[in-house]
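In: Here you go, sequence then predicted model.
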Number of protein chains: 2
Amino acid sequence: MPKITFTNLKEDKKKILVDAFLKEFATHTFDDASLTSVVKSLGIAKGSIYQYFDDKLDLFMYLINECTSTKMKYFKDLKREDCSDFWVFFRLLYSEGIKFDLENPLQSHFLHNLVSSLNSPSIKSLYDDLLNQSVAGFEKMIEHEIKLGLFRADLPIKTMGFLLYKSGVAIQEQMQVFGEINPKESIKNNTPVYQGKVDVLLKTVDDYIQLLKRAFDKEL
Amino acid sequence: MPKITFTNLKEDKKKILVDAFLKEFATHTFDDASLTSVVKSLGIAKGSIYQYFDDKLDLFMYLINECTSTKMKYFKDLKREDCSDFWVFFRLLYSEGIKFDLENPLQSHFLHNLVSSLNSPSIKSLYDDLLNQSVAGFEKMIEHEIKLGLFRADLPIKTMGFLLYKSGVAIQEQMQVFGEINPKESIKNNTPVYQGKVDVLLKTVDDYIQLLKRAFDKEL
DNA sequence: TTACTTTATGACTAGTCAGTCATATTTTAT
DNA sequence: ATAAAATATGACTGACTAGTCATAAAGTAA
């Protein structure tokens, strides 16, 4: 948690700081991100960071919380019961995610890179925590679908949850590996991750749904 | 490529060196692995490494090549045409992989950790290369199955290849996340990755196949 | 034994970084 | 205007790294 000193800061100064750190962590892993280089480019003293935060990890977790809570707002009106099936809901997660991306490019880039930045050895336990949380979330959804008699019930829910989570991550990694998006460039230009690539992303999501639907749905 | 000096080394000395480095890279990412600490524990001079290899990356790639070529030997008799369908072949890749693991624990641990160790920023391009190679391999197999009329043909092969590759990686990550295997411990004890967990692994592979089969097979 | 080649050495360079702390400046309240 | 509280500073510590290089030792062939 940030210290009171940080909370007391004026909004515009806070934003300048947060944006600079978001950018750093959006382009580096946790270990590779250099607070030294950020304060240099901001023209503030190294010690200031430690007036605001306990340490590097405290700052990093603050950024995670800020961004996820912003993104969650885009999800709050999404309800499974308003959807004809799970996959409609699954797709809505992405289309709302795109809105978040277009309206909060920097935060979106940060979250987009989170999968990579979390790979640092020194924060392995944080990585594990977040992964377990995510997987648990998917497990719950799957359990619900099984209760509705819509998902197959012959396989371990944990396995289904894990694959579903990993597939979600694979979608965004695929966009990058296939060269559809270029985060490095778009961060430089302050443009969203999926700028001009919304259709490609949704097409990819639809393709994944075509695959996963068959894998998860109860056979008819 | 290693220098001639390394090639000239006696086999037993070579093995001691290679094993020590395998262990280091099996327990750290590329950037986090410390050559300094390895030479210290080996009791040899820092400079020796640079009589044997150009640099850290040269050494790392030598280890990758050694281990993959060992593992490939276990695959060389596997032929798709000897299998009734792709999934039998897919499963054989894992059961042969287990043989490799049991007979070459250290090399297996190294390859097992490769997915993680490659995540270092300084070798991003190597990561990309190996990922593209792997995905391309899966694409070819999928293309073949489509020609045989066994896999669905309504989705991009690249997407199918990517998901299949990521699923393969997910299997081993799931084993670790679910606590079935404990690489850190087994490296210490010089035991294979899947020591006593062969059945769990094959069960997991079978579960994944149950999911992927439906996703990829042509509907009947 | 001598001359030559191959191998081994480890102090050293030059660079990185997170985090500290005594001091100085600025802001606020009286 | 003064005292007190809140912020900002940046030189410094301690710890780590890959890679270098002149020198020393060991091995080999005559």
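Out: Cool, got the structure.

In: Go through chain A and flag its longest helix.
Out: The longest helix of chain A (DSSP state H) is helix A:124-147.

In: in that helix, what's buried?
Out: By 16 or more other C-beta atoms under 10 Å in any protein chain shown, the buried positions in helix A:124-147 come out as A:126-127, A:130-131, A:134-135, A:138-139, A:141-142, A:145-146. (Glycine included, C-beta is placed from N, CA and C.)

In: Kindly report the same for stretch A:94-113.
Out: Neighbour counts over stretch A:94-113 (16+ other C-beta under 10 Å) mark A:94, A:96-98, A:100-101, A:104-113 as buried.

In: So what's the gap between it and the chain middle?
Out: Relative to its chain's centre, stretch A:94-113 lies at 8 Å (C-alpha atoms, centre = their mean, to the nearest Å).

In: Quick one: mean pLDDT over it.
Out: Averaged across stretch A:94-113, pLDDT comes to 98.

In: who in chain A is up against DNA strand D?
Out: When proximity is defined as C-beta under 7 Å from any atom of the strand, chain A approaches DNA strand D at A:4-5, A:8-9, A:13, A:44-48, A:50-52.

In: Just the ones in helices from those, please.
Out: A:4-5, A:8, A:13, A:46-48, A:50-52.

In: most surrounded residue in the residues you listed?
Out: Among these, the one with the most neighbours (other C-beta atoms under 10 Å in any protein chain shown) is residue A:52, at 19 neighbours.

In: how close does the closest residue in space to that one that isn't next to it in sequence get to residue A:35?
Out: Nearest residue to residue A:52, sequence neighbours excluded (C-beta to C-beta, 6 or more residues apart in numbering or on different chains): residue A:6, at 3.7 Å. Distance, residue A:6 to residue A:35, using C-beta to C-beta, to the nearest Å: 14 Å.

In: list the contacts for residue A:204?
Out: A:171, A:174-175, A:180, B:159 (C-beta atoms under 8 Å, 6 or more residues apart in numbering or on different chains).

In: returning to that earlier point: could the ones in helices among the residues of chain A next to DNA strand D go into CSV alongside distance to residue B:89 and pLDDT?
Out: Shown next, in CSV, are those (distance: C-beta to C-beta, whole Å; pLDDT from 0 to 100):
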residue, distance to residue B:89, pLDDT
A:4, 62, 96
A:5, 61, 97
A:8, 63, 96
A:13, 60, 96
A:46, 57, 98
A:47, 60, 97
A:48, 59, 98
A:50, 56, 98
A:51, 60, 97
A:52, 56, 98
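
In: Return the member of those nearest to DNA strand C.
Out: Closest approach between these and DNA strand C, by C-beta to the nearest atom of the strand: residue A:47, at 3.0 Å.

In: so where is chain A shaky, pLDDT-wise?
Out: A:220 (pLDDT under 70).

In: For residue A:34, give its distance to residue A:41.
Out: Distance, residue A:34 to residue A:41, by C-beta to C-beta: 10 Å.

In: what do you get for residue A:65?
Out: For residue A:65, the distance to residue A:41 - C-beta to C-beta - is 24 Å.

In: So which of the residues of chain A next to DNA strand D is the closest to residue B:191?
Out: residue A:50 (43.9 Å; C-beta to C-beta).

In: circling back: just the residues contacting the longest helix of chain A, thanks.
Out: A:57, A:61, A:80, A:86, A:118-119, A:151-153, A:157-158, A:160-162, A:164-165, A:168, A:216, B:177.

In: How about that helix and DNA strand C, touching?
Out: No: Helix A:124-147 stays clear of DNA strand C (C-beta under 7 Å from any atom of the strand), getting no nearer than 13.3 Å.

In: Next secondary structure after that helix?
Out: helix A:157-177 (DSSP states H and E).

In: now that next one: how far from the chain's centre is it?
Out: Here helix A:157-177 is found 13 Å from its chain centre; the criterion is C-alpha atoms, centre = their mean.

In: could you say what helices and strands it packs with?
Out: Counting contacts by 3 or more C-beta pairs under 8 Å, 6 or more residues apart in numbering or on different chains; DSSP states H and E, helix A:157-177 is packed against helix A:105-117, helix A:124-147, helix A:198-216, helix B:124-147, helix B:157-177, helix B:198-216.

In: quick one on the thing from earlier: in a markdown table, list the buried residues of helix A:124-147 along with distance to residue B:202.
Out: Listed next are these as a markdown table, based on distance: C-beta to C-beta, whole Å:
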| residue | distance to residue B:202 |
| --- | --- |
| A:126 | 32 |
| A:127 | 27 |
| A:130 | 29 |
| A:131 | 24 |
| A:134 | 26 |
| A:135 | 22 |
| A:138 | 24 |
| A:139 | 23 |
| A:141 | 28 |
| A:142 | 23 |
| A:145 | 27 |
| A:146 | 24 |
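
In: So which of these is the closest to residue A:73?
Out: Closest to residue A:73, out of all of the buried residues of helix A:124-147 and judged by C-beta to C-beta, is residue A:134, at 18.4 Å.

In: Go through the buried residues of stretch A:94-113 and say which is closest to residue B:72.
Out: Of all those, residue B:72 sits closest to residue A:113, with 33.9 Å by C-beta to C-beta.

In: Isn't that closest one up against residue A:24?
Out: No: counting by C-beta atoms under 8 Å, residue A:24 is not a contact partner of residue A:113; they are 10.3 Å apart.
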